[in-house]
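1. Provided below for reference: sequence and predicted model.
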Amino acid sequence: MRLSRLPVTDAVTRWLLLILVGVVSPVLARVSPREPLQAFPLASLPAAARGLVKGNFKQGFRWNDLDGENYLILTETGAFEPSGRKARPNNPTNGQDAELYAYRFVNVNGQFLQVWRVTDFVRDCPLDVTAEFLSAATEITDLDNDGFAEVWMMYKTACRGDVSPAVLKIIMYEGTQKYAMRGTTHITQSGIVAGGDRTPDARLRANRTFLRHAERKWKQFYVEFPSS
């Protein structure tokens, strides 16, 4: 098992059951999304799991792999003004915040365990604030064919009042192991050409299969304001 939070006894039992029913094989020990990867509403999670989720529901998916039945939930708050924040001197406009969250749960014997949570945000922005997922970039893969899913998500954050690059990130998890590529969106508009830089973290650079896929995703989604 890849989930460090699961008891050893559960791991042993699950592997034995998989072997007994003939699931663990070079062909079948792979991520097998359900006809295909299923979207689902937040309300389909038990109340205890829903209580851990902050923000407004954006996307939800579920799939099966060797960890069992998995759930991914993406949420965003949109722009909001935190209560109790004092206005800046000589500026009647309070800054706004925006947050986004990603959660992975796994169903273990009817108990929904939170495996990881991704949190990012913009704080105290007096301009246009952005913290949002790129929905089309959300993806579940098994590129190394080991039966454990890789969960890919991509999002941008910004505080800006003009046409300028936003912070852009790819975050990927395999089990509880995090991989990331960070940079900026690419702008080509009104004579402006800016951004588009990217930096993979050390863990992503060390895995050529994952790095190639991250590079492809970046090229597919990094342009924010294309030239008209």
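-> Alright, I've got the coordinates.
2. Kindly format the C-alpha coordinates of the helix or strand hosting Phe105 as CSV.
-> With secondary structure defined by DSSP states H and E, Phe105 is part of strand 96-108. Only the C-alpha atoms of strand 96-108 are listed here, as CSV (Å, rounded to 0.1, in the frame of the first residue of the first chain):
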residue,chain,number,x,y,z
GLN,A,96,-9.5,40.8,-0.6
ASP,A,97,-8.4,37.2,-0.1
ALA,A,98,-9.0,34.2,-2.3
GLU,A,99,-8.2,30.5,-1.5
LEU,A,100,-8.3,27.2,-3.2
TYR,A,101,-8.2,23.6,-1.8
ALA,A,102,-7.7,20.1,-3.1
TYR,A,103,-8.5,17.0,-1.1
ARG,A,104,-8.0,13.3,-1.6
PHE,A,105,-10.0,10.8,0.4
VAL,A,106,-9.9,7.0,0.3
ASN,A,107,-12.6,4.7,1.4
VAL,A,108,-11.2,2.1,3.7
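3. starting at the chain centroid, how far to it?
-> In this view, strand 96-108 has its centroid 8 Å away from the chain centroid, taken as Cα atoms, centre = their mean, to the nearest Å.
4. looking only at pLDDT, what's the mean for it?
-> Averaged over strand 96-108, pLDDT sits at 96.
5. and if you look at stretch 207-217?
-> Across stretch 207-217, pLDDT averages out at 98.
6. In that stretch, which residues are buried?
-> For stretch 207-217, a neighbour-count test (16 or more other Cβ atoms under 10 Å) marks Asn207, Phe210, Leu211, His213, Ala214, Lys217 as buried. Quick note: C-beta positions are derived from backbone N, CA and C, even for glycine.
7. How about the contacts made by the residue most central in space within the chain?
-> Centroid-nearest residue in the chain: Met153, 3.6 Å away (criterion: Cα atoms, centre = their mean). Neighbour list for Met153: Leu74, Ala102, Val118, Phe133, Ala137, Thr138, Ile170, Ile171, Met172 [criterion: Cβ atoms under 8 Å, 6 or more residues apart in numbering].
8. now those as TSV including neighbour count and distance to Pro226?
-> Shown next, in TSV, are those (neighbours: other Cβ atoms under 10 Å; distance: Cβ to Cβ, whole Å):
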residue	neighbour count	distance to Pro226
Leu74	22	25
Ala102	23	27
Val118	18	28
Phe133	20	20
Ala137	15	16
Thr138	19	21
Ile170	25	20
Ile171	18	24
Met172	24	25
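9. Show only the entries of those found in strands.
-> Leu74, Ala102, Val118, Phe133, Ile170, Ile171, Met172 (DSSP state E).
10. Does the second one have any beta-bridge partners, and if so which?
-> When bridges are called by DSSP bridges, Ala102 pairs up with Leu74, Val118.
11. cool, the fourth one as well?
-> According to DSSP bridges, the partner residues bridging Phe133 are Tyr155.
12. Just give the number of residues close to the spatially closest residue to Leu66 that is not a sequence neighbour.
-> For Leu66, ignoring the flanking residues on the chain, the nearest one in space by Cβ to Cβ, 6 or more residues apart in numbering is Gly147 at 4.0 Å. If you count neighbours by other Cβ atoms under 10 Å, Gly147 ends up with 19.
13. least trustworthy helix or strand in the protein by mean pLDDT?
-> helix 8-20 (a mean of 37; mean pLDDT, DSSP states H and E).
14. Tell me the helix or strand right after that helix.
-> Heading C-terminal from helix 8-20 (DSSP H and E), you reach strand 38-39.
15. Give me the pLDDT value at Ser190.
-> 74.
16. Tell me who's in contact with it.
-> Shown in contact with Ser190 (Cβ under 8 Å, 6+ apart): Val163.
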